Structures are given as C-alpha cells and as structure tokens.
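Visitor: Sequence first, then the predicted structure:
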Amino acid sequence: MAQVEDDCVEYFLFPRLPTVKCMKNVLDDLRLVYQSYLAKYLDDYIWQKDSFSLTPVNSPADATTPPHLHGSTRFGCNVDDEWFVVFLLFELTKAFPDLVIRVIDNDNEFLLIEMAEQIPKWLNPETAVNRVYIHQGHVQIIPRSSGKGPLSSLPTSDISVSEAVAAVREHSTFTKCDANTQRALVRRLGAFPDKMRENVHRAHCFLPATAAAILKEAPPILALVVNAFVDRSQSDLQVCRMMKYFPPETRVLQRVRFTKCLYAQLLSDRFEVDSRVGWKMPPARSPSFKSYDLGMKIACGFEMLVHAAKQSAKRNGSMDEKDPRWSHYVANLRAKGYFQDELEGSKVHQQLMNNAKRHFIDDLLAETRHEQRILQLFDNVHVDLDELQREANSLPPADDDGWMDLSVRQLDDILRNKWGDNGGDNVGSKVATAVTASLNSFVNHRSDVEGAEFPTKLRKETKRGNKSNRVTLDPDSFADAMTSILDFKVPEWEEGSSSDMSEYSDEGEDDELKSSKSSINGLKTYMESMDRELSQTAVGQSFERAPQPETETETDFDHYSPVDVDLTALCNILESYRSQGADPGPASNLLSSMGVQIPRNSDD
C-alpha cells in the first residue's frame, strides 16, 4: 500500500457484499446510503481542505483485498478534521452492523497511538499492519494466532485484508477491545458532534459584494479561499494588485462563519496591502481594523481562485510536464524517498513515475472540480447590494476571539485534563533533587585524558559494572599536603588547645597520629574561620545558607550560618536558566547533558 501523505487520512469501508456480476452498481448504491446517513453531520461543515467522500473500488489492485469503498481526506493543519472523520466512521459501523472499516494516516494504524497505554505489548508498527479495524462501534484488534480457538486458522505473522475482515465480521467477540483499552479513544470521540459547533467562530468582515453573496450561498467555500490566500505565491500577489473580479469599492459588512483554525490562520497572516488598489484601511489600532483586514484577505483569496480557475479552463485541465506544480510534486516525492534510489529510466523508476503521474492527475481533477465550482458560483451568483447593506445594519455581534490567547495556567489545565496531574505539586522538589544529584555525580567523577563525562554516560558505565571511577580522599595525606604548602602552624580555637599542643610528646607512631589529627582539626578550624569572616562580605552574603545551628555559647559570629553548597549551586543554575527565557544557553545545555529536564518556569 502506498505511503499516506502527512496531512491525509485514508479509510476503507468493507460492507458484506452479495455475489453479483456488476459489483460497481452495488457499491454505488451503498455509497449513497452511507452518505445519506451522514448528511446530518456533513451539511454546511467547513472542511480545512478536503471533504469526506467515498469512491467504489470494485477491482482492487491487491488481489487479497475485497471490493470496497475508499476515501481520503486532507486535513491540513486542522487535526480535528481527521478525528471528525474517525467519528463518522464509528457512527457508520453502529448503524450498519455488517460494515468493517479500516482507517490509517501517515502513522499507519494511528488509532493505536491514542490507546498506547493499554494495548498489548506485542503490537508495534510492524506487527499491527492489517490488524486494526472498526466494527459495530468498537475498535477490533486481531490477535496473533495461538493455534487453537476460532482464530487458529489465521497466519501467525502477516495477515491479508480479506482474512482480517472475515475474522472481524465472524468472530468479533474475540477481536473486540475491552472498554478499558478503548477509554482514551472513546473520550476523544465523545467530544463530537458538539465539538463541531464549538470549533465555529463568527466574525465581522468588510467584503466586496460578490464575495459576500458567494459566501451566503456556499459557506464551506471559505476554506478554499483561506487556503488560497495563505498558500499564495508571487504570481498570486500580482493578481491581487489588480482585483479585477472583486473590487474593493463595493465592500459591505457581513458576518462570516469560520472554523477556529481558518480564523486563526487568516488573522495571524501578515499582509501588506497595496494602497494603489483602492483598499482604504482604518488605523491599525481602530476597533474596525480587524473587520477591514479580514475582509481584504478574503477578497484577495477569492481573486486568486477565480483567476486560477479561468486559467485552468483555458488549459482544459490537461497535464503539462512543464507545469511548475508537477515539478514541485516530483521534488516532494524525491525528498520523501518515493523513488527508492532507483536509477532514472529504469523499469522500477518508470513504474513509480507513472503512479505519481496518475495520482497527480487525480489531484488535478479534484482541483478542477473546485475551480469549476468557484467559476459556477462567480458566474451565477445573484448580487443584491441594497439587500446586503440593509443586512449590515442589523448584524448579530461577532464572537469573542479571546480563545486565541492561551495563558500558561490554561495550558497547564489542558495538559492536566489530557494527561492527569502526575504529581505536579512535587515537580519542583523532584527537579531540585535531580539537579543537585547530577551535579554531585559529575563533580565526584574522576575523568580521564579524554575529558569530563556527564552523568548520563556515567550511569550507563555504572550499569556495566564500572565502579572504579569514584573519587576517594585520604584525609591524612590531604592535610599533610595542605600544611606543607601553606607552611604555617594552625591555631586552635577550642579551649585548652594551646596546652594540648605544648604537651605533645615524641613517642613514635602515637605522636604521628596525634600530629595528623591535630593538623586536620586545625585546618578545618581555619577554614571555618575564613567562612565566618567571608560571610560578612558582599560575596559571602550572596550564598544560600543552611539553617543556623542552635548553640548555647554566643560568639562574635552569632548570626553565622554555614553555606549550603547544593542549594547555592541549584539557585545559580536556575537563575541562569530563567534568564535564558525560551532560548538555548549554557544552563539548559548543561542540564540537558546531565539528563535533567526542567519544566516551564512560573512565578509561583
């Protein structure tokens, strides 16, 4: 089966068919029945690119695939269209119990992604091929054959579509997924059909009268208009400098129905208007600017569509290999590895090229149908400017577009509803622990001549049993080295220290042990003294402190608290991370290399 496009969903409907000679007529009748049943959902629905459609396939190229109805819908950047198609397919299987449906996209059996937490472990992209279907309102997964039971005759590895469809239809009790497995998918589909209404946004737009009349007659045509404007080329901009078919002088205010996706696309697309065309726009801060801006963009989209349709009519929809669209199409196929590194001119390459041409012509025909529809509307629409102006005086208010501004808290709520809390209250403490643990692991590791190694690599080495790299400190040798370097006697601050030192005897090993311990104690005392003095300076006050120890004896450094090294390092790294904003920087690079991921910062 050919690779599905990135923004496309394909569906295959397998009804129970009688044994007849003219299978195409049977499939045509069923197509009308299914589309009539779905009409209550499809009427006036605005698709991002392609609508839901079915085509009879009475002689599949693959002999192991039975006759069926096939459809494909490009959903562009509006993934809700894809899930709306899935909802429609589930509704069909509820209404027609003998119907078995397979649906795929560029991720192949994408329904499994939604149920990934609950599906059997043996299912993966390779083993799931031809094993996932929809039947009687449930997901059906054909298990691997165990050699016994009703499904024992099925192959243990690859399974054909004919075998799979028969197994689902005859033994659905063994293939149906339980409620727990389908829970996430049912929750997502449960938003429909209400989500269709929630995704609608109505806005005021100043439109040329002809454009306003066309949208009143055929609201779904708006998607073609927006896509034409958003995907405009330099030659399209030349067309917009003329506005031959939709002049701005006849503009009237209208209430236009968008999907939220189309509205966001159009509103966020910056477009510098050519003042020579006649677009008289209010200042950008004016309350009416948005209505003028949206209307101007819609008018330009209409202008591009009508111009392209008239040019296509002159070509009669024939394919020209010099057509830049064909060159762009082939370039995309090459980039995606479609030609499989076959030599140009070889038999396999020629076969792949012929298949590409066939698909391209199909796309051209679909495009031609859209263009014919545009021309039909443009040539036949009745424009009553007086009526449109009267309607403009009593329009209902536009919808609030505050939904386009998403705060961090709203995003957190969405993620929490989708994935659960997952211990969100403890995220901060977990991150702090991870950072300090990773830093300690990094600092305490002994590196070799190849340089420092980060904790992620250290953990892998530890699992392999490499425990010889830990740093070991000999306190006696360290004290002796420091004493010899500094070359001075360290004073004791504790009571009786001077008398203790004057009473040292020269008695072999005991004297050496006492001398070593005295040196260590003296060094520690000296370093504590330095810490106390530094704590009164500006540099010392910049460190994070541990809680002040309780003591009964008051000293000159009564308010001294020891430095909390871990907390100081953590605060400094987090402050550096915060100052980066959303950009890469040293703190994020360091933490990432140590395997630590910090969530989005908040002011809480």
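Guide: Structure's in. What do you need?
Visitor: I119 and N180 touch, don't they?
Guide: No. With contact defined as CB atoms under 8 Å, I119 does not reach N180; the gap is 10.7 Å. (Each C-beta comes from the backbone N, C-alpha and C, glycine too.)
Visitor: Who has more neighbours out of these two?
Guide: Using other CB atoms under 10 Å, the more surrounded residue of I119 and N180 is I119, with 21 against 10.
Visitor: what's the nearest residue to that one if we skip its chain neighbours?
Guide: L112 (5.7 Å; CB to CB, 6 or more residues apart in numbering).
Visitor: That neighbour: what's it in contact with?
Guide: Neighbouring residues of L112 by CB atoms under 8 Å, 6 or more residues apart in numbering: I119, L123, A128, V132.
Visitor: Compute the mean per-residue pLDDT across the helix or strand hosting it, please.
Guide: Assigned by DSSP states H and E, L112 belongs to helix 111-114. Mean pLDDT, helix 111-114: 92.
Visitor: For it, buried residues please.
Guide: Residues of helix 111-114 classed as buried: L111, L112, E114 (neighbour count, 16 or more other CB atoms under 10 Å).
Visitor: how about that helix as CSV, C-alpha atoms only?
Guide: Coordinates of each C-alpha in helix 111-114 appear next as CSV, following Å, rounded to 0.1, in the frame of the first residue of the first chain:
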residue,chain,number,x,y,z
LEU,A,111,-5.9,4.6,16.5
LEU,A,112,-3.3,2.6,18.4
ILE,A,113,-1.4,5.7,19.3
GLU,A,114,-4.5,7.0,21.2
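Visitor: and the next element down the chain from that helix?
Guide: Next helix or strand after helix 111-114 toward the C-terminus (DSSP H and E): strand 132-135.
Visitor: just checking, what packs against that following strand?
Guide: helix 79-95, strand 100-104, helix 111-114, strand 138-141, helix 161-170, helix 172-175 (3 or more CB pairs under 8 Å, 6 or more residues apart in numbering; DSSP states H and E).
Visitor: Let's see that with 6 Å instead.
Guide: If you count contacts as 3 or more CB pairs under 6 Å, 6 or more residues apart in numbering; DSSP states H and E, strand 132-135 packs onto helix 79-95, strand 100-104.
Visitor: can you tell me which of these comes nearest to A309?
Guide: Among these, helix 79-95 comes nearest to A309, with 23.9 Å by CB to CB.
Visitor: can you list the residues that contact the closest one?
Guide: The list of residues contacting helix 79-95 from outside it, by CB atoms under 6 Å, 6 or more residues apart in numbering, reads 9, 11, 34, 37-38, 47-48, 52, 73, 75, 99, 101, 103, 134-137, 189, 192.
Visitor: Return a PyMOL selection command for the buried portion of the residues you listed.
Guide: PyMOL command restricting these to the buried ones, with burial defined by 16+ other CB under 10 Å:
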select buried, resi 9+11+34+38+47+48+52+73+75+99+101+103+134+135+136+137+189+192
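Visitor: Roughly how far does H135 sit from S172?
Guide: 6 Å (CB to CB, to the nearest Å).
Visitor: Next: V139.
Guide: Applying CB to CB, the value for V139 to S172 is 11 Å.
Visitor: residues touching P18, list them.
Guide: Going by CB under 6 Å, 6+ apart, P18 touches no other residue.
Visitor: And it, which helix or strand is it part of?
Guide: Using DSSP H and E, P18 sits in no helix or strand.
Visitor: could you measure it against Q389, distance?
Guide: In this view, P18 and Q389 are 58 Å apart by CB to CB.
Visitor: ranking the contacts of L112 by neighbours, who comes first?
Guide: Going by other CB under 10 Å, V132 tops these with 25 neighbours.
Visitor: so what's that one bridging to?
Guide: Beta-bridge partners of V132, counted by DSSP bridges, are I141.
Visitor: pLDDT score for it?
Guide: Note on V132: pLDDT of 95.
Visitor: T175 now?
Guide: 90.
Visitor: can you map out the helices along the stretch 251-400 of the chain?
Guide: For the stretch 251-400 of the chain, applying DSSP state H, counting those that start in this stretch gives helices covering 260-268, 289-315, 324-335, 347-380, 385-392.
Visitor: Buried residues of the second one, list them for me.
Guide: By neighbour count, with 16+ other CB under 10 Å as the criterion, the buried positions of helix 289-315 are 290-309, 312.
Visitor: ok, back up a step: neighbour count: V139 and S172, which is higher?
Guide: Neighbours were counted for V139 and for S172 using other CB under 10 Å; V139 has more, 23 against 16.
Visitor: Please report how far the residue lying closest to the more buried one once chain neighbours are set aside lies from L123.
Guide: Computed as CB to CB, 6+ apart, the closest residue to V139 that is not its neighbour in sequence is C177, at 4.6 Å. Distance, C177 to L123, using CB to CB: 11 Å.
Visitor: Quickly list what's touching both of these two.
Guide: Residues touching both C177 and L123 by CB under 6 Å, 6+ apart: none at all.
Visitor: still on that earlier bit, for the helices of the stretch 251-400 of the chain, give me a markdown table that also has distance to V85 and mean pLDDT.
Guide: Below are those laid out as a markdown table (distance: least, CB to CB, whole Å; pLDDT from 0 to 100):
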| stretch | distance to V85 | mean pLDDT |
| --- | --- | --- |
| helix 260-268 | 15 | 95 |
| helix 289-315 | 25 | 89 |
| helix 324-335 | 23 | 74 |
| helix 347-380 | 17 | 73 |
| helix 385-392 | 34 | 92 |
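Visitor: between the ones you listed, which gets nearest to P67?
Guide: Taking these one by one with CB to CB, helix 347-380 is closest: 19.5 Å.
Visitor: Low-confidence bits of the stretch 401-550 of the chain, can you list those?
Guide: 418-520, 535-536, 538-550 (pLDDT under 70).
Visitor: same question, the stretch 51-200 of the chain
Guide: Within the stretch 51-200 of the chain, the ranges that satisfy pLDDT under 70 run 61, 147.
Visitor: Swap in 90 and give it another go.
Guide: Applying pLDDT under 90 to the stretch 51-200 of the chain flags the ranges 58-65, 106-108, 114, 116-129, 143-160, 171-174, 184.
Visitor: residues making contact with stretch 125-138?
Guide: Outside stretch 125-138, the residues that touch it by CB under 6 Å, 6+ apart are 89-90, 93-94, 97, 100-102, 108-109, 111-112, 140-142, 159, 161, 164, 168, 172, 176.
Visitor: measure it end to end?
Guide: Start to finish, the residues bounding stretch 125-138 are 20 Å apart (CA to CA, to the nearest Å).
Visitor: cool, and stretch 63-82?
Guide: Start-to-end, stretch 63-82 (CA to CA) is 28 Å.
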